[in-house]
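Q: can't give you the sequence, but here's the structure:
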């Protein structure tokens, strides 16, 4: 198949009329001419069948289904038959136009919708900034079986597009993040897609009203991204937790000061299946909220609380005891964290793989010693970030020798860490990647050359 597809031409069979009898019907040796004992046999000139005749349509479609978009479009220009097969809807079940985002127009997408029809299951239009609402109208009419749709960063879309998307009743995953024109009015239409399991509305202009309407209709939601939605408050999160009890992933990154302890307590009371939670830069969450979260979310695996400066050791002690399955914990810029938190993590969290402690300026070598001697250190801990921890010294690195699984350590601006300390650690862990920065040594001051002085009167050297 491949030589033919690459342009190789099979030579035609010989008709035996030329040459000196060396061909199939010649008079020479091996021939079948009149003097041959095999009698006279006449071979007709027959052109070999082409690939379209040799292979069934189903086999060619199967080959085409493994081609990338550019190659498939090139194949469509070979002949009319290949053009028909290349745009067969059964091939276009999963389409991604992300790599061609700025070149994709609404008219192209409408044509694609008509060709794919009910075969289309997954469509990625991320970054197609020329996409407009009319293209979504075409998809809602032709692609009724769509299950996954990514419209991230398609900034010309509005609430009208959501009105068309609601026709895709089989939709399971939808991403409309970074589309500021979508508001609570658009959410009212999206709520009609009651089978939604995954939804990303980060940086959209939605509030508690839209979130509540969404939670009441889409009760199967398991993953919800609400990064940068600053109009959402603890009340909206509480309504979400009450209706979507199977929630497993929730991001409230940079939702601002409206997210408080009440939201965390509601999640702890209603969402026992929660696995991943991002609260970074929700600055009003305190230990009370963390204690409430830890009391009910025992299956929590990933937690990000970067920039939550009101959290302290008491909240993280409760977290370590209530969520022993933690695998990733981001405590960057939690300025009240001390060695007590590290001792709690070492005692309870045996699966901890990634730990971020950057800008936790109260940590000392003793905390690292307890962490290195804990349950997670020997086999689980893989990444440790200690940027801007001024009390960490080479002694802490000596304790980390026991962390055999450690793959990366960040030590930027740890002023008491030396090159020799890093070399000793790498000597015990040769596969370790160390990210550190050492300011260049200031060269010793050079004495200024003596300036030659001249007399103002006679300009002679003094």
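A: Looks like it came in fine. This is a predicted model, so every value here is computed, not measured.

Q: which helices and strands sit right next to the host helix or strand of residue 397?
A: Here residue 397 is covered by helix 394-399, with elements defined by DSSP states H and E. Contact analysis of helix 394-399 by 3 or more CB pairs under 8 Å, 6 or more residues apart in numbering; DSSP states H and E lists helix 365-372, helix 419-428 as its packing neighbours. To be clear about C-beta, it is placed using only N, CA and C from the backbone, and glycine gets the same treatment.

Q: Could you export those to CSV, including columns for mean pLDDT?
A: As requested, the helices and strands packed on helix 394-399 are exported to CSV (pLDDT from 0 to 100):
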stretch, mean pLDDT
helix 365-372, 96
helix 419-428, 95
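
Q: what does the average pLDDT come to for the helix holding residue 397?
A: Averaging pLDDT along helix 394-399 gives 96.

Q: for it, the distance to its chain's centre please.
A: Using CA atoms, centre = their mean, to the nearest Å, the mean C-alpha position of helix 394-399 is found 34 Å from that of the whole chain.

Q: residues making contact with that helix?
A: 365, 368-369, 371-373, 386, 416-418, 420-422, 424-425 (CB atoms under 8 Å, 6 or more residues apart in numbering).

Q: What remains of those residues if I keep only buried residues?
A: By neighbour count, with 16 or more other CB atoms under 10 Å, these hold 365, 368-369, 371-372, 386, 417, 421-422, 425 as buried.

Q: could you dump the residues you listed to JSON lines with distance to residue 310?
A: What follows is the buried ones among the contacts of helix 394-399, written out as JSON lines (distance: CB to CB, whole Å):
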{"residue": "365", "distance to residue 310": "26"}
{"residue": "368", "distance to residue 310": "24"}
{"residue": "369", "distance to residue 310": "27"}
{"residue": "371", "distance to residue 310": "23"}
{"residue": "372", "distance to residue 310": "28"}
{"residue": "386", "distance to residue 310": "22"}
{"residue": "417", "distance to residue 310": "29"}
{"residue": "421", "distance to residue 310": "34"}
{"residue": "422", "distance to residue 310": "34"}
{"residue": "425", "distance to residue 310": "34"}
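
Q: which one of those residues sits closest to residue 309?
A: Residue 309 lies nearest to residue 386 out of the buried ones among the contacts of helix 394-399, by CB to CB, at 18.4 Å.

Q: Contacts only, for the closest one.
A: Going by CB under 8 Å, 6+ apart, residue 386 touches 357-358, 363, 368, 392, 396, 409-411, 414.

Q: same thing but at 6 Å, please
A: Residue 386 makes contacts with 357, 392, 411, as judged by CB atoms under 6 Å, 6 or more residues apart in numbering.

Q: for the second one, what are its contacts?
A: When you say that, I think you mean residue 392. 386, 414.

Q: Find the nearest non-adjacent residue to residue 307, please.
A: residue 281 (4.3 Å; CB to CB, 6 or more residues apart in numbering).

Q: thinking again about what came up before, give me the next element, helix or strand, following the helix holding residue 397.
A: strand 408-410.

Q: What strands flank that next one, and is each parallel or antiparallel?
A: Neighbouring strands of strand 408-410 in its sheet, by DSSP bridges, are strand 383-385 (parallel), strand 433-435 (parallel).

Q: Contacts for that strand next, please.
A: Strand 408-410 has contacts (CB under 6 Å, 6+ apart) with 383-385, 387, 433-435.

Q: Buried subset of the residues you listed, written for PyMOL?
A: In PyMOL, this line selects whichever of the contacts of strand 408-410 come out buried by 16+ other CB under 10 Å:
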select buried, resi 383+384+385+387
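
Q: and the two most separated of the contacts of strand 408-410?
A: Pairwise distances across the contacts of strand 408-410 (CB to CB) peak at 14.3 Å, for the pair 387 and 433.

Q: Can you show me the strands along the stretch 151-300 of the chain?
A: If DSSP state E, counting those that start in this stretch is used as the criterion, the strands of the stretch 151-300 of the chain fall at 173-175, 198-200, 223-225, 249-251, 276-278.

Q: got those strands as JSON lines, with mean neighbour count columns?
A: Output for these, formatted as JSON lines (neighbours: other CB atoms under 10 Å):
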{"stretch": "strand 173-175", "mean neighbour count": "21"}
{"stretch": "strand 198-200", "mean neighbour count": "21"}
{"stretch": "strand 223-225", "mean neighbour count": "20"}
{"stretch": "strand 249-251", "mean neighbour count": "21"}
{"stretch": "strand 276-278", "mean neighbour count": "20"}
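
Q: Make a markdown table out of those strands and add mean pLDDT and distance to residue 152.
A: Shown next, in a markdown table, are the strands of the stretch 151-300 of the chain (pLDDT from 0 to 100; distance: least, CB to CB, whole Å):
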| stretch | mean pLDDT | distance to residue 152 |
| --- | --- | --- |
| strand 173-175 | 96 | 5 |
| strand 198-200 | 97 | 7 |
| strand 223-225 | 98 | 10 |
| strand 249-251 | 98 | 14 |
| strand 276-278 | 98 | 17 |
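
Q: Take those strands and lay them out in CSV including distance to residue 70.
A: Converted to CSV, these look like this (distance: least, CB to CB, whole Å):
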stretch, distance to residue 70
strand 173-175, 24
strand 198-200, 28
strand 223-225, 31
strand 249-251, 34
strand 276-278, 36
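
Q: Select, out of those, the one closest to residue 97.
A: Nearest to residue 97, of these and by CB to CB, is strand 173-175 at 14.0 Å.

Q: which residues sit against the closest one?
A: By CB under 6 Å, 6+ apart, strand 173-175 touches 148-150, 152, 198-200.

Q: so what's residue 305 up against?
A: Residue 305 neighbours (CB under 6 Å, 6+ apart): residue 279.

Q: what does residue 179 give?
A: Residue 179 sits next to 155, 157 when contact means CB under 6 Å, 6+ apart.

Q: State the distance from it to residue 150.
A: For residue 179, the distance to residue 150 (CB to CB, to the nearest Å) stands at 12 Å.

Q: Please compute how far stretch 402-422 lies from its chain's middle.
A: 28 Å.

Q: Next, the buried residues of that stretch.
A: By neighbour count with 16+ other CB under 10 Å, stretch 402-422 contains the buried residues 402-403, 406, 409-411, 413-414, 417, 421-422.

Q: quick check, nearest of those to residue 77?
A: Among the buried residues of stretch 402-422, and counting by CB to CB, the member closest to residue 77 is residue 410, at 51.3 Å.

Q: ok, what's across the strand from that closest one?
A: Beta-bridge partners for residue 410, by DSSP bridges, are residue 385, residue 435.

Q: pLDDT wise, what is it at?
A: 96.

Q: Give me the residues contacting stretch 333-340.
A: 306-307, 309, 311-313, 331, 359-360, 362, 364, 366-367.

Q: first vs last residue of that stretch, how far apart are they?
A: 16 Å (CA to CA, to the nearest Å).

Q: Next: stretch 224-243.
A: Stretch 224-243 has its terminal residues 13 Å apart, counting by CA to CA.

Q: cool, and stretch 99-106?
A: 16 Å.

Q: likewise stretch 247-261?
A: Counting by CA to CA, you get 18 Å between the two ends of stretch 247-261.
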